Each structure stands twice: as C-alpha cells, then as structure tokens.
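Asks: I would like to see how this sequence folds:
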Amino acid sequence: MKTALITGASRGIGQAIATELARHGYHVLLTARSEEALETVAATLRQQFGVEVHVLAADLAAADGPARVAEWATATAPELAVLVNNAGYGLWGRFEELGLDEQQQMLRLNMQVPVELTHRLLPALRRQPKAYILNVASTAAYQAVPTLSLYAASKAFLLSFSRGLRYELRNSPVSVTCLSPGSTTTDFANRAGMNDALQATANKVSMTPEQVAKAAVVALLAGEAELIPGALNKISATLTSFVPKSLTEKIAAGIYEKHL
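Replies: Okay, here's the model as predicted:
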C-alpha cells in the first residue's frame, strides 16, 4: 500500500504530480490551503485510478503547519513512501520595493517548510524498503535573477539541500531528487505579481504541468539526482556554468526588468 504525500497539490505541478503518482499505483495524501480544490482533485483521482486519496487543508507557512501535516500524514499512512515538497511561490519586483514580511513568508514556504517536513518524515520514509523525496526547485536555482532575487536564492538553497541530503542518505532506502522546471503554465506568474506582458513572454517557452510531472515521476522512481525538464531549459541551465555570471544576470535582467 504505497502512499505519497504531495504539498501544494490543489493545482499546477503539484496536482499533476499527484495524478502521475496515482497513475503509477500510489495512494496519495494531498495538502494545500483550499479544501474545496483538494476535494475536487481527490474525486478525480479516485474515479480515474481507484486509489485511496486523503486531503488536509492546511497553511504550511503557519508556525504549526509542517508539524500538523507531518502528524496527519504518518497517522493516515504509516506506509508513507514518497514525499513531494512542491508548495512554494515567487514574488516579482525589486527587493527594496517588495514588503519585507511577504518576502520572509515566501522564504519560509520555499525553504524552511521543506526542511521541516523532510526532517519530521524521514523516520517514516526510512522504514520502507524503498522511499523517495522530490523537492521542486526551478531553473532559477542555477543563476541569480534580478527582480526575482529572493525566489531564485530560495530555489538555489533547495537544490543544494537536495544534493547534500541525497549524499547523506546514499546508503539508506531513501532517494532524493530535485526537480527544476522552467516556465510552466501554472498560476505562478499571477501569484508572483507579473504583468500580462511578462507572462506573454514566458508563455512562448512554457511547458504544461502534465509534461513536467510525467518527466518528474520517471526521474523520481529512477532515483535521479536532478531533473531539468525540457531541452531548452536544460541548455539554459547548463550554459550558466560556462557563461560569466555578470552576463547571465544581465540577460535575466533584460527579460524581467523591462516589464516593471
């Protein structure tokens, strides 16, 4: 009775990953803030795949959010075998012009919440013959992105954390994979406060959540360390290792700053 916990599962990449894991025969635990949206996803998954689906509406950014979700997950599914740390968002704008509180809230959800959930759920994952952790980062993890400075930094943290933890767990049943998608047709841009012009530019190279999720679950179950879905995204991320940082920052600024 393999079970997966997916955060931010009510829509976008989280919903698509939940669908793919259900397709692979996993029962799923879904958490996000909107109970109504979660119940809609749950009904669809039960009907399509005949798996067990449990939902918990929770604000992971709240002080007791990760503890509440971890306790619920282990009580509901002692056989928990997959943790998908997907919940997160970005804020677009100049650092000094964005509110400090909202930026700190973003950093908590993007960094501290995955760390706390992983720490709390590792004992349960270790009890399985084989278990998996999927941390959802971004291609922004591979370079600084002016006007998305803290978002990019938070995803760089998640990438580094994933690789370090993966090595620490190399002789355990738990495999860690970091997913770094590029532009994807989700609500990310709206939540980040991006205007229509910038969204139109991003949509020219966007993947769908379903495309990202299919590649992610294949990589997860294969035990890969990192996945950057999409050929263009892979090329862009790889080039950051060879191109001077000042140039990649200038290019990124040219895309984002002109739309402010």
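
Asks: Going along the chain, name the helices of the protein.
Replies: Using DSSP state H, the helices of the chain run over 12-23, 35-49, 65-76, 100-107, 113-126, 149-168, 188-192, 196-203, 209-221, 231-239, 245-256.

Asks: Include mean neighbour count when you put those helices into CSV, please.
Replies: Placement of C-beta: from N, CA and C, glycine included. CSV is the format used below for the helices of the chain (neighbours: other C-beta atoms under 10 Å):
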stretch, mean neighbour count
helix 12-23, 25
helix 35-49, 16
helix 65-76, 17
helix 100-107, 14
helix 113-126, 19
helix 149-168, 19
helix 188-192, 17
helix 196-203, 14
helix 209-221, 21
helix 231-239, 15
helix 245-256, 14
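
Asks: Gln143 is nearest to which of those helices?
Replies: helix 245-256 (4.7 Å; C-beta to C-beta).

Asks: Hey, what's the angle from that closest one to helix 149-168? Just curious.
Replies: 130 degrees (axes from the mean of the first three to the mean of the last three C-alpha atoms, to 10 degrees).

Asks: Identify the residues contacting helix 245-256?
Replies: For helix 245-256, contacts defined as C-beta atoms under 8 Å, 6 or more residues apart in numbering pick out Trp92, Gln143, Ala144, Val145, Pro146, Thr147, Leu148, Leu198, Thr201, Leu239, Thr240.

Asks: and what of stretch 31-50?
Replies: By C-beta under 8 Å, 6+ apart, stretch 31-50 touches 5-11, 14-15, 18-19, 22-23, 25, 28, 30, 51-60, 69, 72, 87.

Asks: as a whole number, average confidence for that stretch?
Replies: The average pLDDT within stretch 31-50 is 97.

Asks: Tabulate the helices of the chain (TSV), appending distance to Leu179.
Replies: Listed next are the helices of the chain as TSV, based on distance: least, C-beta to C-beta, whole Å:
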stretch	distance to Leu179
helix 12-23	8
helix 35-49	19
helix 65-76	20
helix 100-107	19
helix 113-126	12
helix 149-168	9
helix 188-192	14
helix 196-203	18
helix 209-221	5
helix 231-239	11
helix 245-256	21
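
Asks: nearest to Pro181, of these?
Replies: helix 209-221 (4.7 Å).

Asks: Residues touching the closest one, excluding its own?
Replies: With C-beta under 8 Å, 6+ apart as the criterion, helix 209-221 contacts 12-13, 15-17, 19-21, 24, 82, 132, 134, 136, 175, 177, 179, 181, 184-186, 227, 229-230.

Asks: Would you mind putting the CA coordinates of it into PDB?
Replies: These are the backbone C-alpha positions of helix 209-221, laid out as PDB (Å, rounded to 0.1, in the frame of the first residue of the first chain):
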ATOM      1  CA  PRO A 209       2.300  20.900 -15.700                       C
ATOM      2  CA  GLU A 210       1.500  17.400 -17.100                       C
ATOM      3  CA  GLN A 211       4.700  17.400 -19.200                       C
ATOM      4  CA  VAL A 212       6.700  18.400 -16.100                       C
ATOM      5  CA  ALA A 213       5.000  15.900 -13.900                       C
ATOM      6  CA  LYS A 214       5.500  12.900 -16.200                       C
ATOM      7  CA  ALA A 215       9.200  13.600 -16.500                       C
ATOM      8  CA  ALA A 216       9.500  14.200 -12.800                       C
ATOM      9  CA  VAL A 217       7.900  10.900 -11.700                       C
ATOM     10  CA  VAL A 218      10.000   8.900 -14.100                       C
ATOM     11  CA  ALA A 219      13.200  10.600 -12.700                       C
ATOM     12  CA  LEU A 220      12.000  10.200  -9.100                       C
ATOM     13  CA  LEU A 221      11.400   6.400  -9.500                       C
END
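
Asks: just the angle between that helix and helix 231-239, please?
Replies: Orientation of helix 209-221 against helix 231-239 (the same axes, to 10 degrees) gives an angle of 60 degrees.

Asks: Quick check: mean pLDDT of helix 209-221?
Replies: On average, helix 209-221 scores 97.

Asks: Who are the contact partners of Ser236?
Replies: Thr139, Gly182.
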